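Peer 1: coordinates only, sequence not included:
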């Protein structure tokens, strides 16, 4: 009988420019057994997504420079990252923001309560 290969816990990439949000999410996710990686901006998040191939991406919308919508669009256009689910984290609560996020490939939107 072959020994079972241990399955690694799912990896979640957090892309958020607010370090407090990242620390809170990291603590919650790690306590639930997830592996976490993080980036503070869209371009770094894309690089991490391409090299680490996380199981899920939590993506802030409002970031300086490249916003989360542009980052998501780039992720969905890349054959390496197109199938990674994206959940937007944002204080934006408008219908248009939610629709735009879904049109760009976000699986669902989460109104940030942190």
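Peer 2: Received it, and whenever you're ready, just let me know what you need. Quick caveat, the model's predicted, so the values are computed rather than measured.
Peer 1: got the residue ranges for the helices in the protein?
Peer 2: 19-31, 42-52, 68-77, 95-103 (DSSP state H).
Peer 1: So what pairs up with the closest residue to residue 45 other than its chain neighbours in the strands?
Peer 2: The shortest distance from residue 45 to any non-neighbouring residue, by Cβ to Cβ, 6 or more residues apart in numbering, is to residue 15 (3.5 Å). The way it works is simple: take the backbone N, C-alpha and C, and place the C-beta from them, glycine included. Here residue 15 sits in beta bridges with residue 39, residue 59, going by DSSP bridges.
Peer 1: Can you name the residues that contact residue 15?
Peer 2: 38-42, 44-45, 57-60, 63, 68, 71 (Cβ atoms under 8 Å, 6 or more residues apart in numbering).
Peer 1: List only buried entries from those residues.
Peer 2: Buried members of the contacts of residue 15, counted by 16 or more other Cβ atoms under 10 Å: 38-42, 45, 57-60, 63, 68, 71.
Peer 1: Which of the residues you listed sits closest to residue 25?
Peer 2: Using Cβ to Cβ, residue 58 comes nearest to residue 25 of the buried ones among the contacts of residue 15, at 6.6 Å.
Peer 1: How about the contacts made by that closest one?
Peer 2: Contacts of residue 58 by Cβ under 8 Å, 6+ apart are 12, 13, 14, 15, 16, 25, 87, 89.
Peer 1: quick one on the thing from earlier: how about the contacts of residue 15 in TSV, adding pLDDT and distance to residue 83?
Peer 2: Output for those, formatted as TSV (pLDDT from 0 to 100; distance: Cβ to Cβ, whole Å):
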residue	pLDDT	distance to residue 83
38	97	21
39	97	19
40	96	24
41	97	23
42	97	19
44	97	21
45	98	16
57	96	11
58	94	16
59	93	15
60	91	21
63	89	23
68	90	18
71	95	16
